[in-house]
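Student: sequence and predicted model, in that order:
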Amino acid sequence: MLFIFTLLWTVAIDLLSKQMASLHFMERLIIVKDFLYIQYVENDGIAFSINIPHIKIATIFLIIMITYFYFIEERKKREPAIDLAFWLIIWWAIWNWIERVLNWKVIDFIWVNGFSVMNMADIFISLWAIIYITKIILFNKG
């Protein structure tokens with residue numbers, strides 16, 4: 001139930017934020033001078049605008065490798081937080097892949113100067129990856 005609830009509200013945030021960006025942020029909106037701004041951009045790369053040749057194939061490969069690691073190493077531990085984080089990472093990877101297949105691009109709009117441009121899906125993947133890695137490290141220590 002927690003998975004479904006988390007999934008639904010984060011998908012809503014992602015879709016609404018991309019819709020808002022496409023309607024209202026064609027021009028740069030500065031949030032923090034020389035550091036953070038919002039502006040619509042179409043990204044044909046992966047998270048954080050990294051360009052990888054054959055992106056759709058690379059994404060499928062990454063999903064398969066992450067899934068393999070989870071089922072070989074982590075699933076048998078039966079740690080709910082690790083399971084939740086894993087499935088949400090996989091969901092967001094698949095969601096981005098679907099968006100690329102359907103649109104040949106992903107909408108990005110959060111610019112961090114000197115780092116990259118991203119969207120809410122990238123942020124959700126990053127947050128769940130941090131939780132996943134942290135829980136694995138803490139679980140393995142105990």
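Tutor: Received it, and whenever you're ready, just let me know what you need. Residues are numbered from 1 along each chain as shown.

Student: below-threshold pLDDT in the protein: ranges please.
Tutor: For the chain, the stretches with pLDDT under 70 are 45-59, 70, 73-78, 140-142.

Student: can you give me the helices in it?
Tutor: 2-24, 55-69, 80-103, 120-141 (DSSP state H).

Student: can you list those helices in a markdown table and add mean neighbour count and distance to residue 39?
Tutor: (Glycine included, C-beta is placed from N, CA and C.) Below are the helices of the chain laid out as a markdown table (neighbours: other CB atoms under 10 Å; distance: least, CB to CB, whole Å):
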| stretch | mean neighbour count | distance to residue 39 |
| --- | --- | --- |
| helix 2-24 | 14 | 8 |
| helix 55-69 | 13 | 22 |
| helix 80-103 | 17 | 18 |
| helix 120-141 | 16 | 15 |
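
Student: just tell me which of those helices ends up closest to residue 42.
Tutor: With distances scored as CB to CB, the stretch of those nearest to residue 42 is helix 80-103 (8.4 Å).

Student: what angle do that closest one and helix 2-24 make?
Tutor: 40 degrees (axes from the mean of the first three to the mean of the last three CA atoms, to 10 degrees).

Student: my guess is residue 129 meets residue 89, correct?
Tutor: Yes: using CB atoms under 8 Å, residue 129 is in contact with residue 89, at 5.8 Å.

Student: among the helices of the chain, which is nearest residue 36?
Tutor: helix 120-141 (12.7 Å).

Student: what's the distance between residue 132 and residue 43?
Tutor: 24 Å (CB to CB, to the nearest Å).

Student: try residue 62
Tutor: 17 Å.

Student: try residue 124
Tutor: Applying CB to CB, the value for residue 124 to residue 43 is 16 Å.
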